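> For reference, the sequence and a predicted model appear below.
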Amino acid sequence: MASLMSFYLYTLLTISLSFNLIYAKQNFVIINQVPNHGGGIKFEKVIGGIAYTRPLMAKINQYIWNVIFKQTNPADRKAVDTVELFIKDYDGAEGVTWGNNKINVSAIYLNEYRGPMTLKWEFTSLMYHEMTHVFQWNGEGKCPVGLVEGIADYTILRANYYPPGFAPKGRGLRWDEGYDITARFLEYCDGLVPEFTSKLNNMMRRTYDVSFFQQLTGKPVDVLWQEYKAKNPYTPPPAGV
Ligand SMILES: *[C@@H]1O[C@H](CO)[C@@H](O)[C@H](O)[C@H]1NC(C)=O
Ligand SMILES: [Zn+2]
């Protein structure tokens, strides 16, 4: 009887373990540390608080895996099953990703944002950027910061959550200038090699080398940048307009 019982338990355990492996559930922990701060109040009342943010984070997580990095095989993904978000009172960048799976968003920033978009739109865009940092590979720290930030902004470009001030094609001085400048360059590389950016990300799992650009496109990154600039002449708007 006892052995039959343990057989059942064993079977049950095996089934539930395999189920968890295949249908790993992602967790999103959202903590508003400053519910009485102007920014904390706006997080609840204007953005929609946890009720808006939890499904948003789940959606962005899937978007990054499926669309941005094409990691349909879980073995290719960064092993992160929980993302934690803190709304916090600190002066500095609007958002910062740290410690592998944590994001701080500035309550001061939320309180003072007076941008061209709504606060909810701006917060959503910020979450696309920061969550990319959670799930991207960075060559175990060897990837230049400009490329890391460029890939995070590439996500907001692809997701159509880029603000009106986002760089148009062709702007910038260097391919690794970062943010929107680098995002536009990655978009250009996608046009040369299908899914270039997801391939580049997946190559950066254990290390990074600038030759990855050449491995993927057949051309060194400096040649790619020159050709990109030549094909996308950028004229800054006249001063004072
Ligand atoms: C984010 O907030 C946490 C908790 O409030 C703090 O311990 C951590 O240092 C912050 N991280 C960064 C990078 O500022
Ligand atoms: Zn960033």
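Thanks, I have the structure now. Numbers count the residues shown, from 1 in each chain. Ligands and ions are numbered 1, 2, ... in the order given.
> quick one: contacts for the residue nearest the centre of the chain?
Closest residue to the average C-alpha location of the chain: T132 at 1.4 Å, with C-alpha atoms, centre = their mean. Neighbouring residues of T132 by C-beta atoms under 8 Å, 6 or more residues apart in numbering: I64, I68, I151, A152, Y154, T155. Just so you know, the C-beta spots here come from the backbone N, C-alpha and C atoms, and that holds for glycine as well.
> residues near the third one, how many?
For I151, the tally of surrounding residues (other C-beta atoms under 10 Å) stands at 27.
> still on that earlier bit, got TSV for the contacts of T132, with pLDDT too?
Below are the contacts of T132 laid out as TSV (pLDDT from 0 to 100):
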residue	pLDDT
I64	98
I68	98
I151	98
A152	98
Y154	98
T155	98
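> same for ligand 2: which of those residues are within range?
A152 (C-beta under 5 Å from the ion).
> what comes up buried for the helix or strand containing the residue nearest to the centre of the chain?
Using DSSP states H and E, T132 sits within helix 119-135. By neighbour count, with 16 or more other C-beta atoms under 10 Å as the criterion, the buried positions of helix 119-135 are 119, 122-135.
> Could I get the CA-only coordinates of it as PDB?
Listed next in PDB are the C-alpha coordinates belonging to helix 119-135 (Å, rounded to 0.1, in the frame of the first residue of the first chain):
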ATOM      1  CA  LEU A 119       1.900  59.800 -18.700                       C
ATOM      2  CA  LYS A 120       0.400  56.300 -19.200                       C
ATOM      3  CA  TRP A 121       1.900  56.100 -22.700                       C
ATOM      4  CA  GLU A 122       5.300  57.300 -21.400                       C
ATOM      5  CA  PHE A 123       5.300  54.800 -18.600                       C
ATOM      6  CA  THR A 124       4.400  52.000 -21.100                       C
ATOM      7  CA  SER A 125       7.300  53.000 -23.400                       C
ATOM      8  CA  LEU A 126       9.700  53.100 -20.400                       C
ATOM      9  CA  MET A 127       8.600  49.500 -19.400                       C
ATOM     10  CA  TYR A 128       9.400  48.300 -23.000                       C
ATOM     11  CA  HIS A 129      12.900  49.800 -22.600                       C
ATOM     12  CA  GLU A 130      13.600  48.600 -19.100                       C
ATOM     13  CA  MET A 131      12.200  45.100 -19.600                       C
ATOM     14  CA  THR A 132      14.500  44.700 -22.600                       C
ATOM     15  CA  HIS A 133      17.400  45.100 -20.200                       C
ATOM     16  CA  VAL A 134      16.000  42.400 -18.000                       C
ATOM     17  CA  PHE A 135      15.900  39.800 -20.900                       C
END
